[in-house]
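Got a predicted model here, sequence first, then my questions.
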Amino acid sequence: MTSDYKEELQKLQNHQIQELTEQWKLEAEKVQIWKNKYKTNMQKLKQNLISMTELQQQNIKVINEREALKLEKIHYQKKVSEEKIQNQKLINQNQRLQSKIKEFEKKIISDFSKSTIQNVFNKILSKHESNEKNSHRNDNKEVHDQNKSSNTSIEEMDKRIKLFSISNQLLRDKVADLDRKYSTKKNKYHKKKQKMNETINQLKNKIDEMNQNHKIETEELAKKNESISKEAKINLSKLNTKKFEMNQLEKSYQNLQNSTETKFKELQEQLEQSRQNEAKDAIQKSNLEQIVNQQKVQISNLETDFVRIYKKQQKEIQKSSKNEELNKIKEKYAQAMVLNKQFLEQISKLNSFLSEVENIQKLQQDQTSWINKEKILIQKEADKVISSKKLQETHNSLLNQQTQELEKIIEISKQILFNAENKFASEIQGLKDENQKIKLKLEEKKLRITELEIAFESSSSRNKEMKDQISQLESKNSQLENSIFELKIGHSNELIKIDTINREQINKLYEEKEQYLELEKEKFQKKKKELQNKILLLESYLQKTEKEVDHFRNECLTLECDLKQNLSRDLVNSVISSCLMKNMEKEFINQKEQNEKKHKEIQKTLNIENENLSKKLDSFQKLIDLDFNPKINEQKNKILQLEHLLKISQQKETTSKLSNKLILNQTKNQFEELIVIFEENYQNLEKNIEMKIGLIENQFERIKKFLIEMKNKQNQETNQEINQEINQEINQETNQEINQETNQEINQLALHLDLMSLLLYSKK
C-alpha cells in the first residue's frame, strides 16, 4: 500500500514538474520572440538611419552641383563683361583710326592742292621764258647791252630757281612718303577691321553657343522641375492614401485595443474567480490533508500494533494453540482491513479532487495561451502599423531630400531610440535576471522534491509554498507583460509624435522649395531677357560700324573724284586767267584797297584769337592736375614757337608788301598784268594764313579732347603711349606747317625773281 501511494505521489510530482518546465519553456520562447522582434526593429532602425545618411549625401551632392552652377554663371558673367570691355576697346581704337585717317586725308588734300599750284606756277614760268626768248630775238643792240648788265641778276635767279626745284623735289618726296604712310595705315586699318570682324564673329558664335547651352539648361531645368512636381504629386497622393490607410489602421487598432481591453477585463474577472475557487479548494485540501495525516498516523500506529501483536501471537501460538485468541486476531485484522478500505476511499476522493484541480489549471493555461495568442495578434497589427509608419517615414524622407532641420529631428529620434533601447535593454536584462532566479528556484524546487520523496509528511506544506510561489511568479509575469505592453504603447505614441513633427516639417520644406524654384525661374527669365537685349545692342552696334565703314569708303571715293576734278579745273583756270588778265586791270585798285582792309581785319582777329588762346591756356593750366603740367608746358612752348613763326611770317609779309609797293610804284603801267598774278598769290597767302589759324584752333581743340580722354582713360592706356602720340602728332603738324611756310617763302622769292627778270627784259 505504501509503495503504491509513493508511486502515485512521484507521478503527481513528475507531472507538476513537467507542467512547470513547459510553462517556463513557453515563457523562454516568448522572451526569445521579444528578443527577435527587438533585433528586427533595431535592424530596421539601422537601415532607416543608413537611408537617411544616403539621402543627406545626395542632398549634399545636389547642393554642391547648385554651387557649381552658380560659379559657372559667375564665370560666364565675367567672360561677358571682359568681352564687353574688349569690344569697347576695339570700338575706341576704330574711332581713333577713323579720326586719324580723316586728318591724313585733309593733310594729303592740302599737300596735293599745293603741288597743283606749284605746277601751275611752273607752267607760267615756262611761258614767260618762251616769251623772253622770242623778245630776245627781236630786240635791238640796246637790249644786248642791257642784257650784259642783267646777266649777274639772271645768274642769281638761276641759283634761286635751282633752290626752288630742290625744294619742290623735297616736297614731292614728302608727298610720296605721306602716300606710303597713308597706304600702310589704310592696310593696317583694313587688317584691324578684319580682326574686329573675326572677333565679332567669334563673339557672335560664343553668344550663340551660350544661348544654346542656356536654352538646353532651361529645358533640362524645366524637365527636372516637371519631373520633381510629378514625383511630388505622386508622393502626395501616396501620402494621402497612406494617411487614409493609417487612419483606418488606427481605427482598427483602437477597436482591437478596446476589444482586447474588454476581453482582458473579463479574463481578469475569471482569473479572480478561479483564484477564489483555488483558495476555497486549498482550504478544503488542507483540511483533507490534515485528515489524511491523522489517518496515516492511526494507520502507522495500527501497523505497529499489528506487528507487535502478531509477533506476540506467534510466540503465544508456538507456546499454545488456542482458537479464541486467533479469532480475536482475525477480528482485529478485519477491522484493520475496513480501516484500510476507508483510507483508500479517502485517497480516491483526494485523487478526484486533484484531477479537478488539474483541470482548473489546464483551463487557466488555455486562457493564458488564448490571451497570449490575442496579444501576439495585437502585436502583429501594431507591427503592421509601425511598419506602415516606417514606410511613411521613408516616403517623407524621400520627399524632403534633406536639410539641416532633418538632422536635428534625426538626432532627437536617435536620442529617443537610444533611451528606448536602454529601457528595453534594462528590461530585458531584468527579465534575464528574473529568469535566472527562476531557474535557480526550479533547481531548488527539484532538490526539495527529492527531499519530499524522503519525507512525505512535510510535502503538503511545501506543496502549498510551491503553489503560492508559482502564483506569485505568474502575477509577476502578468505584471511584466503589462509593463511591456505599456512600453510598446508609449513607444508607438512617441513614433506618432515624431511622425506628426516630420509631416509638418516636410510640408514646410516643400512649400519653401516651391517658392525657391519660382524665384529662381523669375531670376532666370530676367537674366535671359538681359542677355537678349545685350545681343540686340551688339548687333545694332555691328550694323552701325558697317554703315560707318561704307560711308567712309564712299567719302574716300568722292574725295578722289574731287581731287581729279580740281586738277582739271586748275588747268582750265590757268588758261582763263591768262585770257582775263587784261580785263582785270581796272578792278585791281579796288581789290587792293579791299584786301588791305581785310588784311587789317584779319590781323585784328588774329590778335584777339591769340589773346583768347592765351586766356584759355591759363585757365587750362589752373584746371589740369600737377601730373599734366609738364606736358602742358611743352605744348605751350610749342604754341609760343608757332606764334613766333606767325610773327615772323607777318614781318616777312610786311617786308614783302613794302617791296611790292616799291616795285609797283616803279612799274605801275608796265607790270599791271604781273601784279594781278601777285595779287592772286597774296590771296593764296591769306588763305594759307586762315588755314594756319584753323589748324591751330583744331590743334587746340584736339589737345582739349585729348586731355579729357587722358583723364577718362588713365586706367586703360599708359601715359608713355599718350605722350608719344601727342609728340608725334604735334611734331608732324609743326613740321608740316614749317614746310608750308618755307615753301610759301620760296614761292614768294621765286615770284620776286620772275618779276625782276621781267622788269629787266622789259627795260632791255
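Good, I have the coordinates. Numbers count the residues shown, from 1 in each chain.

Give me the neighbour count for Glu27.
A count of nearby residues for Glu27, using other C-beta atoms under 10 Å, gives 19. Yep, even glycine has a C-beta here, placed from its N, CA and C like the rest.

Kindly report the same for the one 10 residues further on.
Lys37: 13 surrounding residues under other C-beta under 10 Å.

Tell me the secondary structure at it.
Under DSSP: H, G, I helix; E, B strand; the rest coil, Lys37 falls in the helix class.

again with Glu7
Glu7 is classified as helix under three-state DSSP.

how many neighbours does it have?
Neighbours of Glu7 using other C-beta under 10 Å come to 10.

Next one: it, what pLDDT does it get?
At Glu7, the pLDDT value in this model is 71.

give the contact list for it.
Glu7 makes no contacts at all, as judged by C-beta atoms under 8 Å, 6 or more residues apart in numbering.

how much space between it and Glu266?
41 Å (C-beta to C-beta, to the nearest Å).

try Gln248
Counting by C-beta to C-beta, the gap from Gln248 to Glu266 is 27 Å.

How about Asn533?
83 Å.

what does Lys373 give?
With C-beta to C-beta as the criterion, Lys373 and Glu266 are 15 Å apart.

got it, and Gln32?
29 Å.

Ok, Glu220 next?
66 Å.

try Lys195
For Lys195, the distance to Glu266 (C-beta to C-beta) stands at 101 Å.

Compute the number of surrounding residues for Met691.
The burial count for Met691: 13, using other C-beta under 10 Å.

any idea which element it lies in?
helix 672-712 (DSSP states H and E).

One more: Lys70?
helix 2-138.

Domains of the chain: list them as residue ranges, please.
17-78+217-529, 587-764 (automatic domain parsing).

Between the ones you listed, which has the poorest mean confidence score?
domain 587-764 - the lowest mean pLDDT of the domains of the chain, at a mean of 60.

For Thr210, report the pLDDT, please.
You called it Thr, but residue 210 is Met. 66.

now swap in Lys215 and tell me
Model confidence at Lys215, expressed as pLDDT, equals 70.

what does Lys79 give?
Taking Lys79 on its own, its pLDDT is 71.

same question, the one 3 residues further on
Reading off the confidence values, Glu82 has pLDDT 77.

Any idea how many residues pack against it?
10.

Distance of it relative to Gln88?
In terms of C-beta to C-beta, Glu82 sits 11 Å off from Gln88.

Same question for Lys195.
16 Å.

Repeat that for Glu444.
Applying C-beta to C-beta to Glu444 and Gln88 gives a distance of 103 Å.

next one: Ile234
52 Å.

and what of Gln58?
Distance from Gln58 to Gln88, by C-beta to C-beta: 45 Å.
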